[in-house]
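>>> what's the 3D shape of this:
(one chain, ligands or ions: 2)
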Amino acid sequence: MSNFLLRSAESTVRRGAAASSSHLSRRPFSSGPAPDRKVAILGAAGGIGQPLALLMKLNPLVSSLALYDIAGTPGVAADVSHINTRAQVVGYAGEEQLGKALEGSDVVIIPAGVPRKPGMTRDDLFNINAGIVKSLCTAISKYCPNALVNMISNPVNSTVPIASEVFRKAGTYDEKKLFGVTTLDVVRAKTFYAGKAKVPVADVNVPVVGGHAGITILPLFSQATPATNALSDEDIKGLTKRTQDGGTEVVEAKAGKGSATLSMAYAGALFADACLKGLNGDPDVVECSFVQSSITELPFFASKVRLGKNGVEEVLGLGSLSEYEKESLEILKPELKSSIEKGIKFAKEN
Ligand SMILES: NC(=O)c1ccc[n+]([C@@H]2O[C@H](COP(=O)([O-])OP(=O)(O)OC[C@H]3O[C@@H](n4cnc5c(N)ncnc54)[C@H](O)[C@@H]3O)[C@@H](O)[C@H]2O)c1
Ligand SMILES: O=C(O)C[C@H](O)C(=O)O
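Ligands and ions are numbered 1, 2, ... in the order given. So this is what the prediction gives:
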């Protein structure tokens, strides 16, 4: 197994000197016999789904990989299944096969739904994606209510609250098991910081908090490591804006052919790997994610989260913030609040 995912995964947001990347990069991707784990990808024939299927097939923690979409998954599954790694791959197409795809899943990753085109906000996807997420989550509560759910479908600030409400209605909601995937924001913040601060990207950690849309994405560069004095306040503002607009940068560059897929598949694979490591009892697995939270007055919020055998072990606090970050935090709250409420209202009324 190539170590490329490992090195980045291991150096994602972590607390404590024990997690230094030099120590971790000497560890294999996984060590010792790994228990059987089933991962299902819903939307597996899409722009994110296909490379994500590839990356999960490369992950030795996965013993069974279910690829579900409304169409096209038999081909993706046949292709990926020829790779000589541990996971047994099965493709499922069409709603009548959704139950089989989900049964026994430990982790369900959801990149199903439409992506943005230039000029659109993530919220413009709400009308189509809310219904897709609702129906997929209804099936999850029926066929694998104990699975960890990794929500990629946008707008994440609303789709996670939708999922919570669907699970609540079904009587299966466990706040420890629902995650909005914000890892791409962390991946971007690290890349942009490393470039500007001229430090090795593999050593960089940057927590990103808030939500996953525009100004609700708040990278905490004051906590970035390795720390540097080389960046001015203007540099930090520029890096913050570039991280917040990272998705739009890709949407515009793709000029109507969708949004980030390859970097998202990478980020989604890192986050799913962290979930699997937590389930398997690895100590000190910490990633940023948009989860049910009480660290601010908002019911959902992205921050560092410790992952364990039951999903979320601990939602970690924000740490100390710069004045700029404190102000940005207050500015993002009304937008994030309204996106959360929109999701909950939709799920209650539909
Ligand atoms: N969280 C993030 O950081 C992040 C990053 C990038 C993209 N996204 C979001 O991910 C989603 C997918 O993006 P993409 O580029 O892969 O889009 P895509 O159109 O290439 O693929 C989406 C796939 O979902 C499938 N799908 C639609 N309805 C479905 C259903 N009911 N059940 C199962 N599958 C269904 C489609 O058939 C398609 O294959 C979008 O909403 C996008 O905005 C999120
Ligand atoms: O920007 C988008 O629409 C997709 C995704 O949320 C991203 O951050 O790349």
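>>> which parts of the stretch 151-300 of the chain sit against ligand 1?
Within the stretch 151-300 of the chain, the positions adjacent to ligand 1 are Ile152, Ser153, Asn154, Val156, Val181, Leu184, His212, Gly258, Ser259, Ala260, Thr261, Met264 by Cβ under 6 Å from any ligand atom. Any C-beta I mention is one placed from the backbone N, CA and C, and that applies to glycine too.
>>> which one of those residues is nearest Gly317?
When these are compared for distance to Gly317 (Cβ to Cβ), His212 wins out at 19.7 Å.
>>> That closest one touches Asn157, doesn't it?
Yes: the criterion here is Cβ atoms under 8 Å, and His212 meets it with Asn157 at 6.1 Å.
>>> What is the end-to-end distance of stretch 133-151?
Using Cα to Cα, to the nearest Å, one end of stretch 133-151 lies 9 Å from the other.
>>> Would you mark the buried spots in that stretch?
Buried residues in stretch 133-151, counted by 16 or more other Cβ atoms under 10 Å: 133-134, 136-141, 143-144, 147-151.
>>> Which ones among the residues you listed lie within helices?
Per DSSP state H, helices hold the following members of the buried residues of stretch 133-151: Val133, Lys134, Leu136, Cys137, Thr138, Ala139, Ile140, Ser141, Tyr143.
>>> Against Thr159, how distant is the fourth one?
Yep, that's Cys137 we're talking about. 9 Å (Cβ to Cβ, to the nearest Å).
>>> part of a helix, is Asp123?
Yes: under DSSP: H, G, I helix; E, B strand; the rest coil, Asp123 sits within a helix.
>>> who touches it in this structure?
Pro155, Ser158, Ala213, Ser339, Lys342 (Cβ atoms under 8 Å, 6 or more residues apart in numbering).
>>> redo that, cut-off 6 Å
Going by Cβ atoms under 6 Å, 6 or more residues apart in numbering, Asp123 touches Pro155.
>>> Contact partners for the residue nearest the centre of the chain?
Taking Cα atoms, centre = their mean, the centroid of the chain lies closest to Val181, which sits 1.9 Å from it. By Cβ under 6 Å, 6+ apart, Val181 lies in contact with Asn150, Ile152, Gly268, Phe271.
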